[in-house]
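Visitor: next input, structure requested:
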Amino acid sequence: MKRETFGSRLGFILVSAGCAIGLGNVWKFPYICGAYGGAAFILIYLLFLLIVGIPVMVCEFAIGRGSKKSVAVAFEELEPQGTSWHKLKYIGIFGCYLLMMFYTMVGSWLLYYCYRSIKGDFMGASPEMIGEAFTGMLADLPTMTFWTVLICIIGFAVCMFGLKSGVERITKVMMAALLLIMVVLALRSAFLDGATAGIKFYLVPDFQKMVENGIGNVVFAALSQAFFTLSIGIGAMLIFGSYLGYSHSLTGEAISITALDTFVALTAGFIIIPACFAYGIEPGAGPSLVFITLPNIFAQMKGGFIWSSLFFLFLTFAALSTIIAVFENIIAFDMDLFGWTRKKSVLVSAVLIILLSMPAVLGYNVWSAIQPLGEGSTIMDLEDFIVSNNLLPLGSLGYVLFCTRKNGWGWDRFIEETNTGAGIALPKGLKTYVAYGIPLIITIIYLKGYYDKFCQESMMTLILWMTAAVVFLGFVFYCALAERKRG
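Guide: You can find the predicted model right below:
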């Protein structure tokens, strides 16, 4: 079966950026940026994007373009005979499925709120009513199920039409609309009375805040955000590399995608932070910011019906672009592994993802008593923890090791694949840093993530999770070292 390709370079960049751009750009980045020193934090964040995020993305793209396959069989195409690197594919497969098991539900929240905003349900509502609307939605199983199924159907319907006619065409439209809506909302927010204080909080360097939070904590927060913002580690980017031609080098493409992702994150801050300051509402992070704090602001704002509708439309596009991108990955698994047609893979995958999304939905109502990560946690929190704190960093570590080790794909073949085409080349002299420096940074991120997650928990819980972490990390290193004696 002939491999599909993108219709244009712009299509590749927008689809890949759409995969990277997600809710973390909106409900986390603006808050931590302001809280950790504004522009000072941004500079550290940009530095880590350059030295960690972009090189790992290049590795993922290179494996995709070099193999012309999804992560399900990419390693088999490139690994030396007798090695075990292909076992890394399970991180990608499980990661994509697990991500969609809760991300589809969160996307459905946004679609539902977009619908309610267009209806004008939040206009004139009191803060109590807006807070109750969110908790009421979570407790309403039929509503949650309907909107989760609907966004799954929309995403797979786009993928049914293929890469060019479906994924690329629709994502280009959504991304163009998303960027336009964001600029309009940012301008509106910047000219609100009292917005200047919010802009200052957001962007003016505040080194005192860095000292108060601890320089180490600020640096690690910037490093973590830079690492996780690009959706690297589970093959979500690899698939688009497999559809890419050889006209441009991979480093230049990765820089373009990273720049677009960063623009969205920064612009989201211009939308949210000044508006919070203008209406005297404390900016926070997480779902409460999007579903409680901001609807409260729109309810008070002149023309709030319009701005609320545009805001949730922008967020829906951001979530849906990621959902479509990962759905395309899942569909490609079946096509590569089993030789299925796109139509069959779409139908089977749609049913499977809808069923697998139900535990997260039930976790907020019928199964709310299940609190796997401690009191107040949900099934979604567990799924998110497995993906964000385990599969993303471990998958990224595996890609970097595979591309740099002699018993893997090897640095020479990797660098040749990466630098083929016009544009920015990855310097060959970076081999030592990419081969040893980046794995060290990823390992630190991984272990620090466990410490932050469980430092408040009982010692036994911490020991159990750390034991699981060590076993998982050992599996990845095994793939790199198992054949060293024979290599």
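
Visitor: ok, residue 357 touching residue 99?
Guide: No. Using Cβ atoms under 8 Å, residue 357 makes no contact with residue 99, being 10.9 Å away. For glycine as for every other residue, the C-beta is placed from the backbone atoms N, C-alpha and C.

Visitor: neighbour-wise, which of those two wins?
Guide: Between residue 357 and residue 99, counting by other Cβ atoms under 10 Å, residue 99 is the more crowded of the two (26 against 23).

Visitor: how about the helix or strand hosting that one: buried residues?
Guide: Assessed by DSSP states H and E, residue 99 sits inside helix 89-119. Neighbour-count burial for helix 89-119, with 16 or more other Cβ atoms under 10 Å as criterion, is recorded at 89, 91-114, 116-117.

Visitor: where does pLDDT dip in the stretch 151-300 of the chain?
Guide: Applying pLDDT under 70 to the stretch 151-300 of the chain flags the ranges 284-285.

Visitor: for it, what spans make up the helices?
Guide: Using DSSP state H, counting those that start in this stretch, the helices of the stretch 151-300 of the chain run over 169-190, 195-203, 207-213, 215-228, 238-242, 250-278, 287-288, 294-300.

Visitor: would JSON lines of those helices with mean neighbour count be doable?
Guide: What follows is these, written out as JSON lines (neighbours: other Cβ atoms under 10 Å):
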{"stretch": "helix 169-190", "mean neighbour count": "18"}
{"stretch": "helix 195-203", "mean neighbour count": "19"}
{"stretch": "helix 207-213", "mean neighbour count": "14"}
{"stretch": "helix 215-228", "mean neighbour count": "19"}
{"stretch": "helix 238-242", "mean neighbour count": "28"}
{"stretch": "helix 250-278", "mean neighbour count": "23"}
{"stretch": "helix 287-288", "mean neighbour count": "14"}
{"stretch": "helix 294-300", "mean neighbour count": "22"}
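
Visitor: nearest to residue 361, of those helices?
Guide: helix 287-288 (14.7 Å; Cβ to Cβ).

Visitor: so what touches that closest one?
Guide: For helix 287-288, contacts defined as Cβ atoms under 8 Å, 6 or more residues apart in numbering pick out 27, 106, 109, 134.

Visitor: one step back: for residue 84, which of the helices of the stretch 151-300 of the chain is the nearest?
Guide: The nearest among the helices of the stretch 151-300 of the chain, by Cβ to Cβ, is helix 238-242 at 18.5 Å.

Visitor: on that earlier part again, who are the packing partners of the helix holding residue 99?
Guide: Packing partners of helix 89-119 (3 or more Cβ pairs under 8 Å, 6 or more residues apart in numbering; DSSP states H and E): helix 74-78, helix 127-139, helix 141-160, helix 294-300, helix 304-338, helix 342-362, helix 379-386, helix 392-404.

Visitor: which of those helices is buried the deepest?
Guide: Compared across the helices and strands packed on helix 89-119, helix 392-404 shows the largest average neighbour count, a mean of 27 (mean count of other Cβ atoms under 10 Å).

Visitor: helices or strands up against the helix or strand following that helix?
Guide: Going down the chain from helix 392-404, the next helix or strand is helix 411-419, by DSSP H and E. Identification of packing neighbours for helix 411-419 by 3+ Cβ pairs under 8 Å, 6+ apart yields helix 54-67, helix 250-278, helix 392-404.

Visitor: got the angle between helix 411-419 and helix 54-67?
Guide: Using axes from the mean of the first three to the mean of the last three Cα atoms, to 10 degrees, the inter-axis angle of helix 411-419 relative to helix 54-67 is 90 degrees.

Visitor: how far out from the middle of the chain is the helix or strand following helix 411-419?
Guide: Downstream of helix 411-419, the first helix or strand assigned by DSSP H and E is helix 431-432. Average the C-alpha atoms of helix 431-432, do the same for its chain, and the two points are 27 Å apart (Cα atoms, centre = their mean, to the nearest Å).

Visitor: now stretch 251-263
Guide: For stretch 251-263, the distance to the chain centre is 14 Å (Cα atoms, centre = their mean).

Visitor: rewinding a little: chain center to the helix holding residue 99, what's the gap?
Guide: Taking mean C-alpha positions (Cα atoms, centre = their mean), helix 89-119 and its chain are 11 Å apart.

Visitor: ok and it relative to helix 379-386, angle-wise?
Guide: Going by the same axes, to 10 degrees, helix 89-119 makes 140 degrees with helix 379-386.

Visitor: avg pLDDT for helix 89-119?
Guide: In this model, helix 89-119 carries a mean pLDDT of 95.

Visitor: now swap in stretch 436-448 and tell me
Guide: 88.

Visitor: again, but for stretch 374-388
Guide: 91.

Visitor: that one: end-to-end distance?
Guide: 18 Å (Cα to Cα, to the nearest Å).

Visitor: residue 434 reaches residue 402, doesn't it?
Guide: No. With contacts counted by Cβ under 8 Å, residue 434 stays clear of residue 402, the gap being 11.6 Å.

Visitor: residues shared between the contacts of these two?
Guide: With Cβ under 8 Å, 6+ apart as the test, residue 434 and residue 402 both reach residue 59.

Visitor: tally of neighbours for residue 70?
Guide: Using other Cβ under 10 Å: residue 70 sits among 27 other residues.

Visitor: same check on residue 375?
Guide: 5.

Visitor: residues contacting the residue nearest to the spatial centre of the chain?
Guide: Centroid-nearest residue in the chain: residue 231, 3.9 Å away (criterion: Cα atoms, centre = their mean). Residue 231 is in contact with 19-20, 22, 237, 322, 392, counting by Cβ under 8 Å, 6+ apart.

Visitor: repeat for residue 138
Guide: Applying Cβ under 8 Å, 6+ apart, the residues near residue 138 are 144, 364-365.

Visitor: same thing but 7 Å
Guide: By Cβ atoms under 7 Å, 6 or more residues apart in numbering, residue 138 lies in contact with 364-365.

Visitor: how near is it to residue 187?
Guide: Here the criterion is Cβ to Cβ, to the nearest Å. By it, residue 138 lies 33 Å from residue 187.

Visitor: kindly report the same for residue 251.
Guide: 33 Å.

Visitor: from the contacts of residue 231, which has minimum pLDDT?
Guide: residue 22 (83).

Visitor: ok, the residue nearest to it when sequence neighbours are not counted - contacts?
Guide: Using Cβ to Cβ, 6 or more residues apart in numbering and skipping residues adjacent in sequence, the residue nearest residue 22 is residue 322, 4.8 Å away. Contacts for residue 322 were tallied using Cβ under 7 Å, 6+ apart; they are 18-19, 22, 103.

Visitor: now those in TSV, with distance to residue 158 and secondary structure?
Guide: Output for the contacts of residue 322, formatted as TSV (distance: Cβ to Cβ, whole Å; DSSP: H, G, I helix; E, B strand; the rest coil):
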residue	distance to residue 158	secondary structure
18	11	helix
19	13	helix
22	17	coil
103	16	helix
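
Visitor: and those, which is closest to residue 406?
Guide: residue 19 (31.3 Å).

Visitor: against residue 389, how distant is the nearest residue to residue 381 once chain neighbours are set aside?
Guide: Spatially, and ignoring its direct neighbours in sequence, residue 381 is nearest to residue 373 (5.3 Å; Cβ to Cβ, 6+ apart). Distance of residue 373 to residue 389, given as Cβ to Cβ: 11 Å.
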